[in-house]
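# Kindly generate the corresponding structure for this input.
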Amino acid sequence: MQQMQNNSEETELVFGTHAVVELLKSPTANQRVNKVLVQKDLKSEHIGEVIKLAKRDRLIVQEVPKNKLDTITNNGTHQGMAAYIAPYQYAEMDAIFENAEKKGTDPFILILDKIEDPHNLGSIMRTADAVGVDGIIIPKHRSTGLTSTVAKTSTGAIEHIPVVRVTNLVNMIKDLKKKNVWVFGTAMEGHNYRQWNAKGAIALVIGNEGKGVSPLVQKQVDETLSIPMVGHVQSLNASVATGVLLYQAYASRNE
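Numbering: from 1, shown residues only. Model prediction:
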C-alpha cells in the first residue's frame, strides 16, 4: 500500500485512468482528494477529463514529469495521472440495505472470509459492482483492507460499492439471518452452483485463498455450493470462483 505523510495527515496514492476518473466523479471527491497529479506535456482525452473534474471541485492540480509519477507509483501503470487521497472509509451495515431499497430489490450481499490478497479483493469488487451486489462485508483481522492496490485493481468500483468491516463474522451472519437473509457458502460437497436459486435476500460467503471458509463461519451458512471441476487442479483463484458464482446469482435473480 502506498502511504505518505502530507500536511501531517495520512494519505494514500491512487493512480491509473479508471481509478482516478471514478474517484473524481464520486460525490465526496472534494472532501477526500488532497492533490491531483498529471503528467507534464501529456495530452489525452482522459487527462483532459481529469483536469476538468478536478477544477470543478477546485482541487489542486499539479503537472509533474513522467519520472516523478514512475517513482511515486513504483513504476506502476499510472497512465499519466495520480491522486493523493485520504484513506478509504468503511460503510455501516445500513448502507447495504439502503442500496437494495433504492433499487427496489432484495439485498444481495457478499461476505469475504479473510481474503488476504489486495488484488483479489479489487477484482472481486469489480465483479460485485458489475452484477449489482449491494455491499461487501470483510473482517477487521487477518484480511486485506481498502488500500490503494485494491482501488487500482477495482478500476473504480471501490467508489460505488460499500464495504463494511466487522469484528466478528459469525455474529454478523447471525444478525443477517435474523433479517431473513439466506446465507450461502462454498464446499466441495455442496450443491452444483448451476442449480442455485439466488432469488430473495441472500449473502454469499467466499473463503480465504488457501484455507477456504473457516469452520466457525461454515457452521452458520444455510446452504453450500460447489463448482464442478474435471481438471487436475481442483481449486480456483478466489476472485475467479467469486466471479463464477456471482454471475450465476445474477442470472438467477434476473430470469
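# With only the CA atoms kept, save the host helix or strand of residue 245 in CSV.
In this structure, residue 245 is located in helix 238-253 according to DSSP states H and E. The C-alpha trace of helix 238-253 is given here as CSV (Å, rounded to 0.1, in the frame of the first residue of the first chain):
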residue,chain,number,x,y,z
ALA,A,238,-10.7,-16.7,-5.1
SER,A,239,-11.6,-13.9,-7.4
VAL,A,240,-12.3,-16.3,-10.3
ALA,A,241,-14.5,-18.5,-8.2
THR,A,242,-16.3,-15.5,-6.9
GLY,A,243,-16.9,-14.3,-10.4
VAL,A,244,-18.4,-17.6,-11.5
LEU,A,245,-20.8,-17.7,-8.5
LEU,A,246,-21.8,-14.0,-8.7
TYR,A,247,-22.7,-14.3,-12.4
GLN,A,248,-24.8,-17.4,-11.7
ALA,A,249,-26.5,-15.4,-8.9
TYR,A,250,-27.1,-12.6,-11.3
ALA,A,251,-28.6,-14.9,-13.9
SER,A,252,-30.9,-16.5,-11.3
ARG,A,253,-32.0,-13.1,-9.9
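# Between the two ends of stretch 214-222, what distance do you get?
In stretch 214-222, first residue to last residue: 15 Å (Cα to Cα, to the nearest Å).
# Show me which parts of the helix holding residue 245 are buried, residue by residue.
For helix 238-253, burial by neighbour count (16 or more other Cβ atoms under 10 Å) applies to 238, 239, 241, 242, 243, 245, 246, 248, 249, 250, 252, 253. Every C-beta, even on glycine, is put in place using the N, C-alpha and C of the backbone.
# quick one: contacts for the second one?
When you say that, I think you mean residue 239. Shown in contact with residue 239 (Cβ atoms under 8 Å, 6 or more residues apart in numbering): 119, 120, 123, 124, 127.
# gap between it and residue 209?
9 Å (Cβ to Cβ, to the nearest Å).
# Check the fifth one too.
Note on residue 243: its distance to residue 209, by Cβ to Cβ, is 14 Å.
# who touches residue 203 in this structure?
By Cβ under 8 Å, 6+ apart, the residues touching residue 203 are 107, 109, 110, 111, 137, 173, 176, 181, 182, 183, 184.
# could you redo the last one with a cut-off of 6 Å?
109, 111, 176, 181, 183 (Cβ atoms under 6 Å, 6 or more residues apart in numbering).
# Report the buried members of these.
Buried members of these, scored by 16+ other Cβ under 10 Å, are 109, 111, 176, 181, 183.
# a strand runs through the second one, doesn't it?
It stands for residue 111. Yes. Using DSSP: H, G, I helix; E, B strand; the rest coil, the assignment for residue 111 is a strand.
# Mind jotting down where the strands sit in the stretch 1-150 of the chain?
For the stretch 1-150 of the chain, the strands defined by DSSP state E, counting those that start in this stretch occupy 3-6, 9-15, 33-39, 61-64, 81-85, 108-112, 135-139.
# Now the buried ones among the contacts of residue 203 in TSV, please, with extra columns for distance to residue 96 and pLDDT.
Compiled in TSV, these are given as follows (distance: Cβ to Cβ, whole Å; pLDDT from 0 to 100):
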residue	distance to residue 96	pLDDT
109	6	97
111	11	96
176	10	96
181	10	96
183	14	96
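# Counting by contacts, list what the lengthiest strand in the chain packs against.
What stands out as the longest strand in the chain, according to DSSP state E, is strand 182-192. Other elements packing on strand 182-192 under the criterion 3 or more Cβ pairs under 6 Å, 6 or more residues apart in numbering; DSSP states H and E are strand 202-206, strand 223-226.
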